[in-house]
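Visitor: Provided below are the primary sequence and the corresponding predicted coordinates.
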Amino acid sequence: WNARAQSAMASGGGKAGGGGVSTYHAAPATGVPFDCCALSLQPFRDPCCNPADGTVYDLSNAVPFVRAHGVDPVSGAPLRVKELVRLTYARNAGGELCCPVLGEAFTQHTKIAAIRTTGNVFSYKAVEELNLRAKNLRDLLSDEKFTRADVITLRDPLAARPAPDTFYHVRKKLGSGVGGAQQNGATVHAGGMSADVKAALGALGTDEAAAAAAAGGG
């Protein structure tokens with residue numbers, strides 16, 4: 001896809017008219033950095049997101065929190081473990097998170113999207129130009145079919161994001177320690193999770209996710 005992508009983008013797709021300012025590069029929105037968990041506020045290792053709004057978490061933090069409280073850590077809206085979408089980010093030779101199709105490293109100014117059915121993460125520019133405008137609704141890596149509703153915006157630099165001090169888990173003092181979400185005042189680390197939670201972590205994003213979540217009340 002890289003050769004096709006470079007060709008498709010050569011004409012300057014994604015640029016706004018008039019002043020030639022890129023639609024995808026603007027002042028960063030308020031919120032946590034694009035590569036951080038919105039619960040621990042630390043860089044994620046095993047990312048997932050709430051598909052309702054694209055908020056990104058680390059699985060080891062999100063699963064215990066959602067099981068304990070039944071809500072999204074940022075918005076406070078009802079959320080179940082089986083609704084989380086496990087994400088797959090690509091990295092370039094320098095170790096930076098990047099778009100696997102265009103090869104561009106992500107920054108705080110990049111609009112980023114994921115495909116719900118696969119969890120693959122791309123720059124929104126790639127999805128818009130090579131999927132939506134081209135009417136080619138197949139994952140650019142796996143070739144799996146998806147619908148427009150499956151496109152999740154993980155970060156939009158033009159859209160305001162809530163500041164961390166307004167997050168539900170911060171306001172309710174249900175915060176997170178590095179590597180684990182707090183539950184009833186104690187930090188829950190991945191290594192000390194119950195077998196049920198570990199099963200949910202392992203099954204998330206597969207056909208077993210719903211069964212694992214239901215068994216544990218998620």
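Guide: Yep, that arrived. Just so you know, these numbers come straight off a predicted model, no measurement behind them.
Visitor: packing partners of the longest helix seen in the chain?
Guide: As assigned by DSSP state H, the longest helix anywhere in the chain is helix 59-69. The contact analysis (3 or more Cβ pairs under 8 Å, 6 or more residues apart in numbering; DSSP states H and E) places helix 59-69 against strand 47-50, strand 180-183, helix 195-203. Every C-beta, even on glycine, is put in place using the N, C-alpha and C of the backbone.
Visitor: looking at these, which has the lowest confidence?
Guide: Lowest mean pLDDT of the helices and strands packed on helix 59-69: strand 180-183, a mean of 39.
Visitor: quick one: the helices in this structure, in order.
Guide: 2-9, 59-69, 124-127, 168-171, 195-203, 209-215.
Visitor: show me what counts as buried in the longest one.
Guide: Neighbour-count burial for helix 59-69, with 16 or more other Cβ atoms under 10 Å as criterion, is recorded at 59, 60, 61, 62, 63, 64, 65, 66, 67, 68, 69.
Visitor: so the third one versus residue 106, what's the distance?
Guide: Looking back up the chat, that one is residue 61. 21 Å (Cβ to Cβ, to the nearest Å).
Visitor: and the first one, by the same measure?
Guide: Counting by Cβ to Cβ, the gap from residue 59 to residue 106 is 20 Å.
Visitor: and for residue 96?
Guide: Residue 96 is 7 Å from residue 106, by Cβ to Cβ.
Visitor: the two: which is more packed in?
Guide: Just comparing residue 96 and residue 106: by other Cβ atoms under 10 Å the higher neighbour count belongs to residue 106, 23 against 14.
Visitor: name the nearest residue to that one, ignoring sequence neighbours.
Guide: residue 97 (4.7 Å; Cβ to Cβ, 6 or more residues apart in numbering).
Visitor: got phi/psi on residue 157?
Guide: The phi and psi torsions at residue 157 (degrees, to the nearest 10) take the values phi -60, psi -20.
Visitor: give the residue spans of the protein that score low on pLDDT.
Guide: 1-30, 175-218 (pLDDT under 70).
Visitor: can we see that at 50?
Guide: 2-29, 177-194, 196-197, 205-218 (pLDDT under 50).
Visitor: quick one: which of the buried residues of helix 59-69 is nearest residue 155?
Guide: residue 62 (17.1 Å; Cβ to Cβ).
Visitor: that closest one contacts residue 85, doesn't it?
Guide: No: the pair residue 62 and residue 85 does not pass the contact test of Cβ atoms under 8 Å, sitting 10.7 Å apart.
Visitor: shared neighbours of the two, anything?
Guide: Common neighbours of residue 62 and residue 85 are listed as residue 48 (criterion: Cβ atoms under 8 Å, 6 or more residues apart in numbering).
Visitor: so what's the residue count around residue 88?
Guide: Neighbours of residue 88 using other Cβ under 10 Å come to 15.
Visitor: who does it form a beta bridge with?
Guide: For residue 88, the beta-bridge partners under DSSP bridges are residue 120.
Visitor: do you know how far it is from residue 55?
Guide: For residue 88 relative to residue 55 (Cβ to Cβ), the value is 17 Å.
Visitor: give the contact list for the nearest residue to residue 56 once chain neighbours are set aside.
Guide: Once flanking residues are discounted, residue 56 sits nearest to residue 49: 4.9 Å by Cβ to Cβ, 6+ apart. Listed by Cβ under 8 Å, 6+ apart, the contact set of residue 49 reads 55, 56, 57, 84, 85, 87, 114, 152, 154.
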